[in-house]
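1. Need a 3D model of the sequence below.
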Amino acid sequence: MNDWLSFVFCVVYILGLIGLAEGLRHRRGYSNFFTRKVIHIGVGMLIWAIPFLFSTPWPFILACFAFAILTFLDWRYGFFEAMASSNPQNLGTVYFPLAAAAVVYLFWDTPPLMVAAMMPLTLGDGLAPVIGKFGTHEYFVFNHKRTLEGSIGFFVATTIGTWLALWLMSGSPDISPLGAIAPAIIIAFTTALVEAVSIWGVDNLTVTAAAVIILSVWPF
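-> Numbering: from 1, shown residues only. Down below sits the predicted model:
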């Protein structure tokens with residue numbers, strides 16, 4: 001597919017997710033918390049398609065910066081209620097596309113690592129608050145409530161997502177299912193700890209940075 005057609009596809013896909021989330025909020029009465037996670041996970045999973053859509057990383061990186069500006073304006077002026085956070089200081093939606101741009105730039109020539117680097121942010125960070133809603137074992141970091149169940153959910157979701165990315169994604173390095181287990185567990189454990197102590201939405205940056213560092217030094 002032509003890179004710029006792929007650019008248009010990505011933009012339409014993301015805007016479509018936002019529209020779907022707004023529809024769920026208006027017509028089904030879903031909370032902002034739920035619709036924000038629909039967008040978070042849906043956008044993050046797009047990383048699986050990026051190596052097949054683009055021949056160069058730059059159009060996607062451009063799209064990421066465009067959406068960083070859009071999400072900043074949304075944070076400032078509240079265009080999309082479906083993306084609104086309950087914490088007005090949370091700039092997580094702005095950090096998300098910046099993290100994705102960095103990952104694609106750094107790992108463009110190694111698609112399994114590129115996809116794996118986004119799994120802690122996409123699945124771990126996306127599902128941890130959902131699972132944590134049902135948690136009863138609370139702990140606090142700088143007055144921000146966490147739950148043990150949410151942290152465990154982060155670890156499990158990240159382990160599975162990272163393992164599958166390292167194993168199933170085509171390209172270099174070619175990693176076996178067995179060879180993908182150890183780095184997936186190490187990444188999941190480390191990023192779960194990082195997420196637990198990161199506040200104000202910076203986990204979208206810190207979690208991704210931790211995954212990038214581990215994948216960069218791991219001897220695949």
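
2. hey, let's count contacts and neighbours off CA atoms from now on
-> Will do.

3. So residue 146 sits against residue 133, correct?
-> No - counting by C-alpha atoms under 8 Å, residue 146 sits too far from residue 133 to count as a contact (9.5 Å).

4. Look at those two and report which has more neighbours.
-> Neighbours were tallied for residue 146 and for residue 133 using other C-alpha atoms under 10 Å; the higher tally belongs to residue 146 (22 against 12).

5. what's near enough to touch the closest residue to residue 171 other than its chain neighbours?
-> In this structure, residue 171 finds its nearest non-sequential neighbour in residue 111, 5.7 Å apart by C-alpha to C-alpha, 6 or more residues apart in numbering. Residue 111 sits next to 51, 169, 170, 171, 172 when contact means C-alpha atoms under 8 Å, 6 or more residues apart in numbering.

6. 10 Å instead?
-> The contact partners of residue 111, by C-alpha atoms under 10 Å, 6 or more residues apart in numbering, come to 47-48, 50-52, 104, 117, 165-166, 169-174.

7. Mind giving me the PyMOL select for these, buried ones only?
-> In PyMOL, this line selects whichever of those come out buried by 16 or more other C-alpha atoms under 10 Å:
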select buried, resi 47+48+50+51+104+117+165+166+169+174
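
8. now, which of the contacts of residue 111 sits nearest residue 16?
-> Nearest to residue 16 out of the contacts of residue 111 is residue 47 (C-alpha to C-alpha; 16.2 Å).

9. My read is that that closest one contacts residue 115, right?
-> Yes - between residue 47 and residue 115 there is a contact under C-alpha atoms under 10 Å: 5.9 Å.

10. Residues that sit against both of these two, list them.
-> Overlap of the contact sets of residue 47 and residue 115 (by C-alpha under 10 Å, 6+ apart) consists of 100, 103, 104.

11. quick one: low-confidence parts of this structure?
-> 1, 84-88, 143, 200-201 (pLDDT under 70).

12. which helix of it spans the most residues?
-> Criterion DSSP state H: the longest helix present in the chain is helix 3-27.

13. Show me what secondary structure element comes after that one.
-> Moving toward the C-terminus from helix 3-27, the next helix or strand (DSSP states H and E) is helix 32-44.

14. Which neighbouring elements make contact with that following helix?
-> The helices and strands touching helix 32-44, judged by 3 or more C-alpha pairs under 10 Å, 6 or more residues apart in numbering; DSSP states H and E, are helix 3-27, helix 92-107, helix 111-119, helix 125-132.

15. what's the most buried one of those?
-> helix 111-119 (a mean of 29; mean count of other C-alpha atoms under 10 Å).

16. I'd like the distance from that one to the chain centre, please.
-> Offset of helix 111-119 from its chain centre (C-alpha atoms, centre = their mean, to the nearest Å): 11 Å.

17. Am I right that residue 48 is in contact with residue 162?
-> No - using C-alpha under 10 Å, residue 48 is not in contact with residue 162, being 11.7 Å away.
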